[in-house]
Structures are given as structure tokens and as C-alpha cells.
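1. no sequence on this one, just coordinates:
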DNA sequence: TTTTTCTTTGCATTCGTATGCAAAACTAAT
DNA sequence: ATTAGTTTTGCATACGAATGCAAAGAAAAA
């Protein structure tokens, strides 16, 4: 029969010291003599004592918890991000409270989170209603939007330069001599998607070209399939596609090959965005825009930690540079300029 | 200037009731009159009161936290699992404390977890030292190993029938008329990998066949590449490969196509295990064993919840049936039997 | 040795909520 | 109107650790 929980008082009794001494032993930088510390540690390990983080959080006001909201993990860029971000924050001594949100329940989820006294919130692939963002900022809890932003919200954000990315791709496709360039969007209401599209059109315009067509892929397999059919079922077909993210691009390529017998890039060029691991796969070799994942994670972590420590939430918006990664899914520009 | 935290006492004062009344209002099933409840709710919403889950956990002994340990997310089956499991547990009112473990830091991580008074632990793609498993069970915290098991440990486990899966694949390949059948393993020390391999050899033996070769892929891209080269660099080459999981199988297929100009399945058949989403992709169409992800998640959740509620940790080991999913990466058996 | 300075220690209180208990309020029954 | 029965309420305490404060102890300076 084991006593369910060993408290600091139990340890204190066993070590013949006060409860404070036990607490101090486990508080870095507190004032304890070597002697008592050792007595305490001995007793603690014998009893199997583990400080109660919840109690500590209550009194110190620091829970050590950071909430991470993710909407879905289909797009494989997110697991990569999730992994890196978690590791980074864990290394800093924080624990990750993870939430998978549905489009509908986000506000409710955030309320739950707040009950757990998290010290910060990262929202990746999830949108925070601006009402709630305000609630958060009122409580002084820093919020960082990862890979999206909301103009009106006081939340900080970290994104890559989606506008520039779109622009680069537009120029790349135009330089490749394509004449009927189409776009397949992700979720139309996401800032990321909007920026990529806007940058793309901007780039096209700079080359004196207009987009040949557009379809909505909605970030899912079915949507990407539908969008592809939409663009390819007519008499005339596009000769280049910018798909708003790699995740959909793979599906699009599959449909092109299997349903329309397209050879890529001979018949049609396809470019994506994100540079997920699968982009290097033999069957795809996707030309895409590489998001600076490490830098984005690092930026997210440092903004969040800074705001947590400074107790002052000042909105910051980091926009990190992107890079074109040329593989084989799109025709190359004729000549260098 | 906003008061950082609104407490139940603040609400009580505003509503002109006692703190107990406030607490009872937010405790389902407690005894409060409609009138006071409404006064309290009104005051609470005006002040923006949110019960402090940490304080509640302290007094009630129920943190509502469940720890989820994952080692890595490269293998895309895990994000899928992660998503489903999180959703399931969230629906049950629990919060997920997520940890990404490295091979070295697992014990330390688990210690941290225990400080947060989690009510249960799920270990997916991570191994718990049996010493620590014993520590957990001593504290009465239920542990469920997901997709792995440890004989000597008191932790419950949920796996699919990896032995049977290996056996099915062996028979399938033999029936397909293959003569030089090789195996590429994942991490050799994982129970999952061991079982798949053992079942595979068993299946081969039942057909009177022995494995042609074996290499270690170690669950990573580089390892899978190395293993493929190892098996294919000699004069004689295998005509069928069982790769211990889909994640490596894609890499293997890429190497086969690009470095050895193999046509799949004409020159060599490849089968995998897991049935991750990418297995359906056009360039791969991987014949594989489908793990019953939903059932495994459900089983994990229900075992865990049951043990949490019953306060009694009785080891359970669920082994769920698998299914062969035939696509196009492997030659089909000549005739049906 | 005495005084000063610095370190170590324990006491008591605090964090925010839940809950047993007894008093109070209300309802129902006589 | 009185009693018995049922809710509702508030008081006080508990959960487990951190910390300000003052007392005690040790070390250093005089």
C-alpha cells in the first residue's frame, strides 16, 4: 500500500527540517545550506517525492504551461512545426498543452485553456476570433499566431513572406514561358492563402500577364481534386498551376497524371508552397517555396518567451524571407537574367 | 487597467453571496438555488471570471490532464493518431499535455509529467523504461503504451496484430510467386518491429520459404536508403521487399526507381505497413497492412478512461485485427485460393 | 571577546477553489 | 401555527508549495 502522494511536508518530517527547507531545496537559487539540502534530497528520493507543479503554479503564478492550438495535421508541414516548436519550448522549461480545434469550437477551447492559467498561446493553423484575442490580451496572456495574422487583433504573428513567395512563383512561371497560368487556392479566408494569391497576381501583373484561371481547393484532398477537374475539364487547359500549398499540390499532380494523362512538367507545370518533406519524393519533385520553418519556430518561441518574461504584451509581427526551391515539377526559365 | 485575475471571491462579493456559492455554481450537480446561480453567473460574466483549473485540481485531486508522449512525427501515421486521440480525449473533457521525447530524455520527461499530476499517460512511439513504468504504476497513474508493449511492464498496451500482419504479407508475397523476399526493418528494438518481422518469418516458414535477405532501415530516410542499397548492390537482387512501415517504404521505392531503375511491381514488389494517407498516392500505390487506427485510438482512450475512473490499474493488452490493403506496388497472387 | 555582517532556518501566510458541517431558509404537512 | 422535512447557504478548512519576515546561527571583523 503506497501513500498516493508524498508532500513536501512528508519529506520535511523525514528529513527533520521545515517544509520551507524542502521547498527551498527544490527552488533554484534559494537559500539552503549544503547540509540540509542533502538531508532533504535523501529523504525525498527515499520517499519518492515529486514537487506538485500545480501547487507551485498557484503560489508562484507561473504555470509553466503554453497552449498550442492546431486545427488539423493533414498538411505535413504542421507536424514538422509542431515537433520543432514543442522541442524548443520544452527546452525552455515549458510544457505544451495541446488542443486540436474544430472551426466551430475554438472560442470554447480557448476559454478552457485560460482556465489552466497558461502563460502563452500559440495558434497554428487555427484562427482566433478577434473578440477572444482581445480577451486574451486583456488578461495579459501573450498570443502568437503562427503562419497567419489578423490585422485587427492585438496578437503577435509570425509568418513567412507569403506575398513575396507568390510573386516569386509568378515570375518563375512566366519566365518559364507559360501562357495559361492558373491558381488553386487553399482556404480562402486564411491570411496565408490570401497573401500568396495576392502576391501571385502582383507578380503576374508585373510581367504584364493575367491569371488564366482560378479554383478553390480548400486545403483538402477532395477540394484539390475538384479544383483540378474544374480547371482541366474544358477545351483549353492551363499550362501551369500554382497550388497554394504542397499538400494539395500532390493531390493535384496525381489527378493530372491519372485522370488527364498529363506529363509534368512537359504538359503542365505545377508549383506548390511550403516545401514539406514529401516534395523531394521521386514521383513529385515539386518546385515550391520553402518556408523558413526553423526561423519561424525560433521567432515564435522568442517572441512568446519575451512577452511572457516582460509581462508586457506588445504586438509584434515577424515576416520571414522565403526561398524558391527548384525541382522538376515545373519547366525552367529559358535563360537566366 | 484590468485586474489580472478575477477570483471566485471577487465574483462572490459582486453577487453578494459567499465564495462557496460561486464555486457551487460552477460545479455540476452542486446545490444552488436558481436565484443565486443567476446572480453569480451575471456577476461572473460581468467580471470575466474563469475558474482556475489549477486550484480546482489541487483541491479535487483531478487535474483533467492526460500526458501524451511522442518521439517523432516523421512517420505520418503518428500525426493521424495524435489528432484522433487528442480529439477523443478532449471530447471527454481532458486536456492533452504533449511531450516530444528524445531517446535519452524520456525518464526525465516522465518525471516532469508526473509533477503536473496528470491523470493518465499515453506513450506513442516512445518507450518507457520499465523502471519508470513501475514508478508510474506505483503512483496509481495509468499508462497505456500505444503501438508498442513491454512484457515486463505493468503498463497497458494497445497494438495491432503485428505478427498476423507480417504473416499475411509473407503469404501474399509468396503467393505472388516471389522467390527472393527480403525484409527491411525499422528500429530493431521496438516491439512493433520485432513482431512484424517475426510474423513475417513465420508466414514464410509456413509456406516453406526462407527470407532471402534482411537490412536495417532504422525508421529514417537515410537508414532506408542505406538498407536498400545494401540489398540491391549485389549481383543478385531481391524480387520482393517487405518494409517495416510505409514511411520507409516510400523512400525505398524512390531509391529503387531512381538508383536502380526498377519498375514496381514488375521488377520488384514492395509492401509496407501502416497504410498512411500517402500510400494511396499515384506514384506509390502501396500495398500495405492497414492498422485499425480508429479502433486503436478508441481502445486506448477507453482503457485509459476506465482506469482513471476506476482508480484501479489493471494491466490490459488490446491487440486489434489488421487488414491487407492491396494496391499496385506488389505483384498479385496468380490465382485465388 | 564583542560586534557586525552574512547566511540559514522556521513560522506563518498565501494562492483560488472545493467541500463537510451546521445554521438558516424555505416547503410541506399536521 | 407548529413541527418535520428538505434545500440552500455560509463558515471554516483543506489542497501543496512558495515566500516575506524575523529569529537563529555562523562567519568575519573589530
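-> All right, it came through fine. In this text the structure is predicted, and so the values were computed from the model without any measurement.

2. now do the end-to-end distance for stretch A:146-162.
-> This stretch, stretch A:146-162, spans 13 Å end to end (C-alpha to C-alpha, to the nearest Å).

3. and if you look at stretch A:204-213?
-> Terminal residues of stretch A:204-213 lie 12 Å apart, using C-alpha to C-alpha.

4. now that stretch: how far from the chain's centre is it?
-> 30 Å (C-alpha atoms, centre = their mean, to the nearest Å).

5. and for stretch A:147-157?
-> With C-alpha atoms, centre = their mean as the basis, stretch A:147-157 stands 13 Å off its chain's centre.

6. equivalent analysis for stretch A:179-198, please.
-> Distance of stretch A:179-198 from its chain centroid, counting by C-alpha atoms, centre = their mean, is 19 Å.

7. what mean pLDDT does that stretch have?
-> On average, the pLDDT along stretch A:179-198 is 94.

8. one more: stretch A:232-251?
-> For stretch A:232-251, the mean pLDDT works out to 94.

9. and it, which residues are buried?
-> Buried positions in stretch A:232-251, judged by neighbour count with 16 or more other C-beta atoms under 10 Å in any protein chain shown: A:232, A:237-251. Backbone N, C-alpha and C define where each C-beta goes, glycine included.

10. and these, which is closest to residue B:312?
-> Closest to residue B:312 out of these is residue A:247 (44.0 Å), distances taken as C-beta to C-beta.

11. the closest one falls within a helix, correct?
-> Yes: with DSSP: H, G, I helix; E, B strand; the rest coil as the criterion, residue A:247 is assigned to a helix.

12. which stretch of helix or strand covers the residue nearest to it when sequence neighbours are not counted?
-> Nearest residue to residue A:247, sequence neighbours excluded (C-beta to C-beta, 6 or more residues apart in numbering or on different chains): residue A:75, at 4.1 Å. For residue A:75, there is no host helix or strand (DSSP states H and E).

13. quick one, strands of the stretch 101-250 of chain A?
-> Counting by DSSP state E, counting those that start in this stretch, the stretch 101-250 of chain A has strands at residues A:120-124, A:143-146, A:156-160, A:181-185, A:213-216, A:240-243.

14. what packs against the last one?
-> Where contact means 3 or more C-beta pairs under 8 Å, 6 or more residues apart in numbering or on different chains; DSSP states H and E, strand A:240-243 is packed against helix A:162-175, strand A:181-185, helix A:246-260, strand A:269-274.

15. 6 Å instead, please
-> Contact here means 3 or more C-beta pairs under 6 Å, 6 or more residues apart in numbering or on different chains; DSSP states H and E; on that basis strand A:240-243 packs against strand A:181-185, strand A:269-274.

16. I'd like the ones you listed written out as a markdown table, with distance to chain B and mean neighbour count added.
-> A markdown table is the format used below for the helices and strands packed on strand A:240-243 (distance: least, C-beta to the nearest C-beta, whole Å; neighbours: other C-beta atoms under 10 Å in any protein chain shown):
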| stretch | distance to chain B | mean neighbour count |
| --- | --- | --- |
| strand A:181-185 | 17 | 26 |
| strand A:269-274 | 13 | 28 |
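
17. okay if I get those as CSV plus distance to residue B:223?
-> Output for these, formatted as CSV (distance: least, C-beta to C-beta, whole Å):
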stretch, distance to residue B:223
strand A:181-185, 35
strand A:269-274, 25
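
18. any idea which of those strands gets closest to DNA strand C?
-> Closest approach to DNA strand C among these is made by strand A:269-274 (41.4 Å; C-beta to the nearest atom of the strand).

19. buried residues, stretch A:61-76. List them.
-> By 16+ other C-beta under 10 Å, the buried positions in stretch A:61-76 come out as A:63-76.

20. what parts of chain A come near DNA strand D?
-> Those residues of chain A that sit near DNA strand D, judged by C-beta under 7 Å from any atom of the strand, are A:5, A:7-9, A:19-20, A:23-24, A:26-27, A:30, A:49-52, A:55-56, A:58-60.

21. quick check, the residue in chain A closest to chain B?
-> residue A:283 (2.4 Å; C-beta to the nearest C-beta).

22. find me the pLDDT at that residue, would you?
-> Reported pLDDT for residue A:283: 89.

23. which secondary structure element is home to it?
-> Per DSSP H and E, there is no helix or strand for residue A:283.

24. among the buried residues of stretch A:61-76, name the ones in strands.
-> Within these, residues falling in strands by DSSP state E are A:65-70.

25. return the member of those residues nearest to DNA strand C.
-> residue A:65 (14.9 Å).
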